[in-house]
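> need a 3D model of the sequence below.
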Amino acid sequence: MPCAARGIWVFRRKKPEVEFAAAVYRVTAERARAPELFEACGIPDTLDGRFDSLALHASLAIERLRREPDGETLAQAFFDVMFRHLDLTLREIGVQDLGVGRRIKIMAEGFHGRALAYRGALHDGPTPLAEVLRRNAYGGRPPVDDAPVARLEAYVRQEVERLSRAARNDLTK
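The predicted structure follows:
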């Protein structure tokens, strides 16, 4: 954002970690909108379902970013970029200014809970991944049939493997 200082306009450049996190977020958000997640895996194509898909993918991306030497900084930058984007999206769809902050707070809390649940399930926690997905990835409307959940579980495990093999710069592609 430009600011005037003694008649000179100064433009701030984003920090490199913010630019990198924004690039990783763009790729992550794109993957979260993949049609097969909604068609084959049964995630409802609703605002809640799309948020749950984004939360799932973002939690996986943040886990991967944390393994970098500057991982905590990158993970925080990713989180900040994501929630700035969600704030803007809520405003664009017509949520009143006074309601945006409250909704963002609810979304951040929901994201945090989902991320912890996914982390636990992926690291041999007490709740199996399929059950965690059933509870958290379906916009509050999990499928009755187990097949879509099994497909989503297989997809998540492949995504975790893809992210674990990816070099740092490949996370932006």
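> tell me how far the residue nearest to the spatial centre of the chain lies from residue 52.
Nearest to the mean C-alpha position of the chain, by Cα atoms, centre = their mean, lies residue 58 at 2.3 Å. Per Cβ to Cβ, to the nearest Å, residue 58 is found 11 Å from residue 52. C-betas here are computed from N, CA, C, even on glycine.
> repeat for residue 116
For residue 116, the distance to residue 52 - Cβ to Cβ - is 15 Å.
> those two: who's more crowded?
residue 52 (25 against 13; other Cβ atoms under 10 Å).
> identify the residues contacting the strand or helix carrying the more buried one?
Using DSSP states H and E, residue 52 maps to helix 47-65. Residues outside helix 47-65 that contact it (Cβ atoms under 8 Å, 6 or more residues apart in numbering) are 21, 24-25, 28-29, 31-33, 37-38, 43, 71, 74-75, 78-79, 82, 86, 107, 110-111, 114-115, 118-119, 122, 133, 136-141, 156, 159-160, 163-164, 166, 171.
> what about 7 Å?
24, 28-29, 31-32, 37, 43, 71, 74-75, 78-79, 82, 107, 110-111, 114-115, 118-119, 136-140, 159-160, 163-164, 171 (Cβ atoms under 7 Å, 6 or more residues apart in numbering).
> mind listing the strands for the protein?
3-5, 8-10 (DSSP state E).
> mind telling me which of the ones you listed the model trusts least?
Ranked by mean pLDDT, the strands of the chain bottom out at strand 3-5, with a mean of 48.
> residue 117 contacts residue 133, doesn't it?
No: with contact defined as Cβ atoms under 7 Å, residue 117 does not reach residue 133; the gap is 9.2 Å.
> of the two, which one has the most company?
Ranked by neighbour count (other Cβ under 10 Å), residue 117 and residue 133 place residue 133 first, with 26 against 20.
> state the distance from the more buried one to residue 160.
Distance from residue 133 to residue 160, by Cβ to Cβ: 13 Å.
> same question, residue 146
21 Å.
> which one's more surrounded, those two?
Per other Cβ under 10 Å, whichever of residue 146 and residue 160 has more neighbours is residue 160, with 16 against 11.
> got the contact list for residue 28?
Neighbours of residue 28 in contact, by Cβ under 7 Å, 6+ apart: 57-58, 61.
> nearest to residue 100 among these?
Nearest to residue 100, judged by Cβ to Cβ, of the contacts of residue 28 is residue 58 at 19.1 Å.
> from the chain's centroid, how far away is the top helix by length along the chain?
Here the longest helix in the chain is taken by residue count, with DSSP state H as the criterion, and it is helix 97-122. What separates the centre of helix 97-122 from the centre of its chain is 10 Å, taken as Cα atoms, centre = their mean, to the nearest Å.
> so which bits of stretch 153-168 are buried?
153, 155-156, 159-160, 163 (16 or more other Cβ atoms under 10 Å).
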